[in-house]
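Asks: okay, predicted coordinates and the sequence, questions at the end:
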Amino acid sequence: MIEIKKTYKNYVGGKYVRSESGKTFTLNLKNDSFEVPLTSKKDIRDAVTSSKVGFEKWSEISPYTKTQILYRLSEMIEGNKDSYVDLLVLCGSTKNQAKKDVETAIENIVWYAGLADKWEQISGNLNPVNGEYFNISHQNPIGVVFSLNSNDNSLTSLLNSIIQPLTVGCSVISFSEESSIIALKFAEDINNSDFPPGSLNILSGQFENVFEDVSKHVEINLISICKEIPNEMLTKIQENASNSVKRIVNMPSIDGISSILSFLETKTVWHPKGT
Amino acid sequence: MNNKTAALSIKWEDILELVFDSRIDSVGLNERVDSLATRSIKKDSKLDALNMIVSMCDLTTLEGEDTEGKISQMVAKAITPDPSNLDIKNVAAVCVYPSLVSIAKEKVGNSGVKVAAVSSYFPSGQVPMESKLLDTKYAIDSGADEIDIVINRKAFLEGDYRKVYDEIVALKEACGDVHLKTILEVGDLKTYENIRKASLISLAAGSDFIKTSTGKLSVGSSRQACYVMAKAVLDFKNLTGISAGIKVAGGIRDSKDAIRYLVLINEEMGDEWLTPDLFRFGASSLLDDVLKQIKKLKTGAYQASYYFPRG
Amino acid sequence: MVNWEYSESVESQEIVNIKDKYQNFINGKFQQQNSKKYINTISPSTEEVLSKIVISNEKDVDNAVQSAQLGFEKWSNTSPHERSKHLFKLARLIQERSREFAVLESMDGGKPIKESRDFDLPQVAANFFYFAGWADKIDLSWGAKSLKPHGVVGQIIPWNFPLLMLAWKVAPALATGNTVVLKPAETTSLTALLFAELCEQAGLPDGVVNIITGDGTTGSLIVNHKDINKIAFTGSTQVGKLIQKSLAGRDVGLTLELGGKAANIVYEDAAIDQAVEGVVNGIFFNQGHVCCAGSRLLLQESIHDEFVAKLEKRMQTLRVGNPLDKNTDIGAINSKEQLNKIEGLVNEGVSDGGKIFQTECELPGNGFWFKPTLFTDVQPSYSIAREEIFGPVLTTLTFRTPQEAVEIANNTEYGLSAGVWTEKGSKILWTADRLQAGVVWANTFNKFDPSSPFGGYKESGFGREGGRQGLLSYLKAES
């Protein structure tokens, strides 16, 4: 009997799309193999366009609502837990490892869901300036974040590469290579939750094909690299980034409050106090 | 200089619009006024400035205990501020209660010193309009060159700006060609926006001068209040072409402070306002300090008060 | 009628003792350097040669970095509380000698004594006081024990606020446990070298603060030194980008505080007289040599004419001249080079079709000067509306609605600061939320405080200086 396999697609602007090039590549997992989109430079540009729109929408959603959307994401995964476990097993995990991975991912989402309406109280503050002024420092999301996922076939790793910028209101273009299958599966849950189109985009491909374009694209505000890459590639990325003073974060912290700081811009507002 | 046409040249609706448009940021204003105070005046300029202050002084006595003798002393001082230095010319005016105007008028003779009377039931103004008019007319009939009235703060603080305006219009009418100074009593008005509103109402109603204070409150003039009034006078001039004067009174104790007022007027309004016709100091103790400073500049020695006759 | 004018009230230069030439300050003392290349440092208001400073070479930079590495060992072994006390002591010493610093700053850099005395020096001392108190409270700052100093920090600072930029850099770096190699700008090194004397006096361990002079070549040597752990740079966006590029692929921390082209938005319901003052202060403070200067005036169309009339009148009262005269509002342009740049851009503005207004002041004969300048009838495409002029030149644009104001304000690669003027509270908050700028001054402008973070969005750089957020620029998370 011929096995009819599900075709995974990129997820951009709230839609499942093939690469405009029509190209795919084969993911050879331990216990199976899949064809997934080979993202082209044009696909990257389209994703950035969607991501800009997504950023505007997502950043304007109230923190309280963000909390609920993130929490709902955890519920969606919880509901589909078994299918993730099955997929992770195909990737080579033991059933127990897979279960543990999905549970950790869910716990992380819940933790960040609860942070979405609190981080501003932790990272911002009133400044006791000398003089008759009200002075407050608070943070804004930095904008469009490109995040390179690790090659671990792990839902937890994927979440650790996207949840921090999302929590603070950035839109994310998540790019996976060897671990694409988890990411593309995850895209289905995003679509069923309430993220505005473009706020979270999932791409699969070979980073070496696109890193030049990514690092040169002025409308990507930050590149977060969550995987070891060759130093020559990192150097090239950082050199390109310097043309627009783009922020590059190599192996971002995943620990507590410091995990979100890279994705924020501090804005300080002064106002006189008088009659 | 006379503002008698103002009440005709600007409509109440227009002035009301300006009044309601009064927006002042107090912190920014204070900062600007403080920065003006860092201007440094030295040597020749300082002597010129001090002489200018003398020429802008209104010597004042407004006490129940005022007598003919007291007025004589004050007028003598007004005419010859420092008998040991006759280069120092007379002050601008003497300021007294209505009942003492005729005496003061007789004493000043043709010295050039003007006689100003406070009227309209200075300092509170809490009487019926008829009484204010009577008070004012009496002072004018006694020969006053200038009339200092107080605005109706009760009406102002109750928001009855029209009443404040109407009263000043009526008093201005009674004044005719006699110079009208309207006292806002900034210490009662408290906020800069109130000072601006009261300034605009007073100017529109025909005041030739607006004046900060009666000198009867613990809070007298301030450079900040003067700044607000200066801006109002300029905006009024923009609207009508009329240049009104400003008198600061109460709490200006020394030369240094007075010079800071001059700097403020010079920078904000330009030197055309640096004339007794458009700027006055009402301060009794200021004059002696100015005289001391002038003498110090001439002799190089700091002076004692007893070198200068009482006023 | 009596006439009077302000007479010159010149601050005495006697308090200042300038050496014929200077050496680098390394390992706690002034040392003969390897480089033999000296340049003159001149007073931009007289063009008189004040002294000579050395252009440090590779060996000199290496010596300074090695000294800072040794210093880091000592400084790491100094308890946080002791470090705090060192900084407090420095703050006090600065206060005690502030008149001397102020006069030297005005002589060497051309800024009015009124500003160096009443703004720069008080702020310098305040920065050391503020960060002194953080030194033994780093654990409390972000509730994370994993935050550690980088080690040796290379700091490259500009010529607009020479000593203040030193304070912004050195105080937080030392408070967080780093040691520094600092290079002042080549036109304004003298106050940094005087500060070095204070470090000696304060008994700071040798090698904790190293100050070497030089130009861009020296700066580049610091950036490229293999043992530097972090670079903190304040200066032009152009140089900032080069530094970011130089550090590509290296594990070196970086914070950049770069250029700006701030919008100063005046709504029709602003307190107009204070807005005029704020706009004047926003662009003419420190001759406009301010990265966060409010150089783009955005006026609501309904008040354009009235506002411009008041602004021009106010500009006429600005006194340009001898920086040491206490009555001077605008001093000398920092260098011939900068003056040429300003003149070039202003000429471009005129030929583009902008309407120019300059005040009728007399400029001194020697030295570098530029009249306070206002452009109206400017299109957003003109270079004077887009490029950082870094001089006393204000460009006016107009808008019709708050939405349009924000759009114009954000229509720039820069994002350092912005101003908003309206008496309507909700409009301030609405506007401030939408401005892409690290500092938003509402109904005020050019206000600074050590507790208040400063730094840019977009191509104005990254990282913050000042405040709790400023500590993060000198700490890294260690697992």
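Replies: All right, it came through fine.
Asks: tell me the SS of the residue nearest the centre of chain A?
Replies: What sits nearest the mean C-alpha location of chain A, by C-alpha atoms, centre = their mean, is A:I162, with 2.8 Å. Classification of A:I162 by DSSP: H, G, I helix; E, B strand; the rest coil places it in helix.
Asks: tally of neighbours for residue 191?
Replies: If you meant another chain, say so; for now it's chain A. 16 (other C-beta atoms under 10 Å in any protein chain shown). Where C-beta positions appear, they are placed from N, C-alpha and C, glycine not excepted.
Asks: nope, chain B
Replies: Neighbours of B:T191 using other C-beta under 10 Å come to 15.
Asks: ok, it touching A:G274?
Replies: No - counting by C-beta atoms under 8 Å, B:T191 sits too far from A:G274 to count as a contact (9.3 Å).
Asks: what sits in contact with each of these two?
Replies: B:S26 (C-beta atoms under 8 Å, 6 or more residues apart in numbering or on different chains).
Asks: and the stretch 151-300 of chain C, which residues reach chain B?
Replies: Residues of the stretch 151-300 of chain C found near chain B (C-beta under 8 Å from any C-beta of the partner chain) are C:269-274, C:277-278.
Asks: tell me which residues are up against the top helix by length along chain B.
Replies: Across chain B, the longest stretch assigned as helix under DSSP state H is helix B:223-240. Helix B:223-240 is contacted by residues B:6, B:9-10, B:14, B:18, B:24, B:29-30, B:32-33, B:36-37, B:184, B:186, B:192, B:195-196, B:199-200, B:203-204, B:210, B:212, B:242-246, B:248, B:257, B:260-261, B:264-265, B:268-269, B:273, C:273 when judged by C-beta under 8 Å, 6+ apart.
Asks: in strands, which of those appear?
Replies: B:210, B:245-246, B:248 (DSSP state E).
Asks: where does the closest residue to chain A within the stretch 51-200 of chain B land on pLDDT?
Replies: Across the stretch 51-200 of chain B, no residue is closer to chain A than B:T191, which sits at 5.2 Å (C-beta to the nearest C-beta). pLDDT, B:T191: 97.
Asks: what is the burial count for the closest residue to it other than its chain neighbours?
Replies: By the measure of C-beta to C-beta, 6 or more residues apart in numbering or on different chains, the closest residue to B:T191 outside its immediate chain neighbours is A:T275, 5.2 Å from it. Each residue near A:T275 was counted by other C-beta under 10 Å, and the total is 11.
Asks: likewise for A:G79?
Replies: Using other C-beta under 10 Å, the number of residues around A:G79 comes to 11.
Asks: distance of the residue of the stretch 51-200 of chain B closest to chain A relative to B:D25?
Replies: According to C-beta to C-beta, to the nearest Å, B:T191 stands 12 Å off from B:D25.
Asks: do B:D188 as well
Replies: B:D188 is 22 Å from B:D25, by C-beta to C-beta.
Asks: more neighbours, those two?
Replies: Neighbour totals were compared for B:D188 and B:D25, and B:D25 leads with 27 against 20 (other C-beta under 10 Å).
Asks: contact partners for the more buried one?
Replies: Counting by C-beta under 8 Å, 6+ apart, B:D25 makes contact with A:272, A:274, C:271, C:274, C:423, C:443-444.
Asks: between those residues, which has the most around it?
Replies: Greatest neighbour count in the contacts of B:D25, by other C-beta under 10 Å, goes to C:Q274: 27 neighbours.
Asks: burial count for the closest residue to that one other than its chain neighbours?
Replies: Nearest non-adjacent residue to C:Q274, counting by C-beta to C-beta, 6+ apart: B:G28, 3.4 Å away. By the criterion of other C-beta under 10 Å, B:G28 has 23 neighbours.
Asks: with B:N30 instead?
Replies: 19.
Asks: count the neighbours of the closest residue to it other than its chain neighbours for me.
Replies: Nearest non-adjacent residue to B:N30, counting by C-beta to C-beta, 6+ apart: B:Q224, 6.1 Å away. B:Q224: 19 surrounding residues under other C-beta under 10 Å.
Asks: and C:D139, by the same measure?
Replies: Around C:D139 there are 11 residues (other C-beta under 10 Å).
Asks: cool, and the one 5 residues further on?
Replies: For C:A144, the tally of surrounding residues (other C-beta under 10 Å) stands at 17.
Asks: so who does C:F161 touch?
Replies: Counting by C-beta under 8 Å, 6+ apart, C:F161 has contacts C:120, C:286.
Asks: likewise for A:S51?
Replies: Counting by C-beta under 8 Å, 6+ apart, A:S51 touches A:144, A:171-173, A:198-199, A:201.
Asks: the residue nearest the centre of chain B: what's it in contact with?
Replies: Centroid check for chain B by C-alpha atoms, centre = their mean gives B:K247 as the closest residue, at 2.2 Å. Going by C-beta under 8 Å, 6+ apart, B:K247 touches B:58, B:181, B:209-212, B:279-282.
Asks: looking at it now. What's its pLDDT?
Replies: Reported pLDDT for B:K247: 98.
Asks: kindly report the same for B:S9.
Replies: 69.
Asks: got it, and B:K105?
Replies: Note for B:K105: predicted pLDDT of 97.
Asks: rebuild the contacts of A:S51 as JSON lines, extending it with neighbour count, pLDDT and distance to B:G159.
Replies: Below are those laid out as JSON lines (neighbours: other C-beta atoms under 10 Å in any protein chain shown; pLDDT from 0 to 100; distance: C-beta to C-beta, whole Å):
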{"residue": "A:V144", "neighbour count": "26", "pLDDT": "98", "distance to B:G159": "53"}
{"residue": "A:S171", "neighbour count": "29", "pLDDT": "98", "distance to B:G159": "52"}
{"residue": "A:V172", "neighbour count": "28", "pLDDT": "98", "distance to B:G159": "56"}
{"residue": "A:I173", "neighbour count": "27", "pLDDT": "98", "distance to B:G159": "59"}
{"residue": "A:G198", "neighbour count": "26", "pLDDT": "98", "distance to B:G159": "53"}
{"residue": "A:S199", "neighbour count": "27", "pLDDT": "98", "distance to B:G159": "52"}
{"residue": "A:N201", "neighbour count": "30", "pLDDT": "98", "distance to B:G159": "59"}
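Asks: in a markdown table, list the residues you listed along with secondary structure and distance to chain B.
Replies: Shown next, in a markdown table, are those (DSSP: H, G, I helix; E, B strand; the rest coil; distance: C-beta to the nearest C-beta, whole Å):
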| residue | secondary structure | distance to chain B |
| --- | --- | --- |
| A:V144 | strand | 37 |
| A:S171 | strand | 38 |
| A:V172 | strand | 42 |
| A:I173 | strand | 44 |
| A:G198 | coil | 41 |
| A:S199 | coil | 40 |
| A:N201 | strand | 45 |
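Asks: circling back to that earlier point, in the sheet, who's paired with the residue nearest to the centre of chain B?
Replies: For B:K247, the beta-bridge partners under DSSP bridges are B:K211, B:R280.
Asks: elements contacting the helix or strand harbouring C:L256?
Replies: In the assignment (DSSP states H and E), C:L256 maps to strand C:253-257. If you count contacts as 3 or more C-beta pairs under 8 Å, 6 or more residues apart in numbering or on different chains; DSSP states H and E, strand C:253-257 packs onto strand C:230-234, helix C:237-246, strand C:461-462.
Asks: any idea of the mean pLDDT for it?
Replies: Average pLDDT, strand C:253-257: 98.
Asks: residues in contact with that strand?
Replies: Contacts for strand C:253-257 (C-beta under 8 Å, 6+ apart): A:245, C:150, C:153, C:229-235, C:240, C:243-244, C:247, C:291, C:416, C:454-456, C:460-465, C:473, C:476.
Asks: how about the strands in the stretch 51-200 of chain B?
Replies: B:57-60, B:93-96, B:114-118, B:146-150, B:179-183 (DSSP state E, counting those that start in this stretch).
Asks: closest to C:D206 out of those?
Replies: C:D206 lies closest, by C-beta to C-beta, to one member of the strands of the stretch 51-200 of chain B: strand B:57-60, at 64.1 Å.
Asks: so how many other residues sit close to C:E100?
Replies: By the criterion of other C-beta under 10 Å, C:E100 has 15 neighbours.
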